[in-house]
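Asker: Task: produce atomic coordinates for the following.
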Amino acid sequence: MPEVIFENLGLIDYKEAWDYQEKLFRSTIDQKIELRNGTSSEPTKNYLLFCQHPHVYTLGKSGDKEHLLLNEEGLKDHNATYYEINRGGDITYHGPGQLVAYPIFDLDHFFSDIHKYLRFLEEAVIQTLAEYGIESSRVDGLTGVWIDGDKPTARKICAMGVKSSRWVTMHGIGFNVNSDLSYFSHIVPCGIDDKAVTSMERELGRAISLEEVAEVLKKKLAE
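Answerer: Just a heads-up that it's a prediction; the model follows:
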């Protein structure tokens, strides 16, 4: 099994974490090119970063800026920042109480199939939620993890967006553990305007230790 270097970055500014991801992502791709060219024999590394971010909205490449419902003044009023970034997907929110996971994996170590990779990320979250008695699932045609996904009460508990190049991944998942869900009311989450957003705290009626959930998710990802 390939080794994965794990780092918990704690509460970290979004741009700082993005820059760090980019650095690991670029160095992994550069290493792959050197391996292919025969100028290096050192294998690529895999990284898993966990963190939380201060309030921030991020818009993916396929997103619509109109899905952010705040202007610059509104962002300031809510102590939030906004970035247009290089992952797939539409707009999402990150903030304190949300567990963010960024796998920078060379999928050549595992399997070269981005859809399978996304399904495995989803499965790790589904199994993590099951440890707390929360039943969740996928929704056909939509990325992420949902509760009551096939019902009018469908609500999203985990959003996903990734970028890959030469089978190296970056970006990842935003898993609502104790998130302030009011921040989602200022966007059309992931461009989906007819489904709600939820958190573990809301589903269970109590706050959960984010550190404890992180340990469970790390174990499920490893499996």
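
Asker: So what's the residue count around Asn71?
Answerer: 9 (other Cβ atoms under 10 Å). (Each C-beta comes from the backbone N, C-alpha and C, glycine too.)

Asker: List the backbone torsions phi and psi for it.
Answerer: phi -90, psi -180 (degrees, to the nearest 10).

Asker: To which secondary structure element is Arg119 assigned?
Answerer: Secondary structure assigned from DSSP states H and E places Arg119 in helix 114-131.

Asker: gap between the two ends of stretch 195-213?
Answerer: Start-to-end span of stretch 195-213 (Cα to Cα, to the nearest Å) is 25 Å.

Asker: So which bits of it are buried?
Answerer: Residues Lys195, Ala196, Val197, Thr198, Ser199, Met200, Glu201, Arg202, Glu203, Ile208, Leu210, Val213 are the ones in stretch 195-213 that count as buried (16 or more other Cβ atoms under 10 Å).

Asker: Can you get me a residue count around the spatially closest residue to the second one that is not a sequence neighbour?
Answerer: With Cβ to Cβ, 6 or more residues apart in numbering as the measure, Arg155 is the residue that lies nearest to Ala196, at 4.1 Å, once sequence neighbours are left out. When counting by other Cβ under 10 Å, one arrives at 19 neighbours for Arg155.

Asker: Distance-wise, check Thr92 relative to Asp77.
Answerer: Look at Thr92 and Asp77: by Cβ to Cβ, to the nearest Å, they are 20 Å apart.

Asker: and the two? which has more neighbours close in?
Answerer: Set Thr92 next to Asp77 and count neighbours by other Cβ under 10 Å: Thr92 wins out with 27 against 10.

Asker: quick one, what contacts Ile104?
Answerer: Counting by Cβ atoms under 8 Å, 6 or more residues apart in numbering, Ile104 makes contact with Gln21, Leu24, Phe25, Thr28, Asn46, Tyr47, Leu48, Leu49, Val168, Thr169, Met170.

Asker: State the distance from it to Trp18.
Answerer: On the measure of Cβ to Cβ, Ile104 and Trp18 end up 12 Å apart.

Asker: quick one: contacts for the residue nearest in space to the middle of the chain?
Answerer: Nearest to the geometric centre of the chain sits Ile173, at 1.3 Å (Cα atoms, centre = their mean). Contacts for Ile173 (Cβ under 8 Å, 6+ apart) come out as Val100, Ala101, Leu121, Val125, Cys158, Ala159, Met160.
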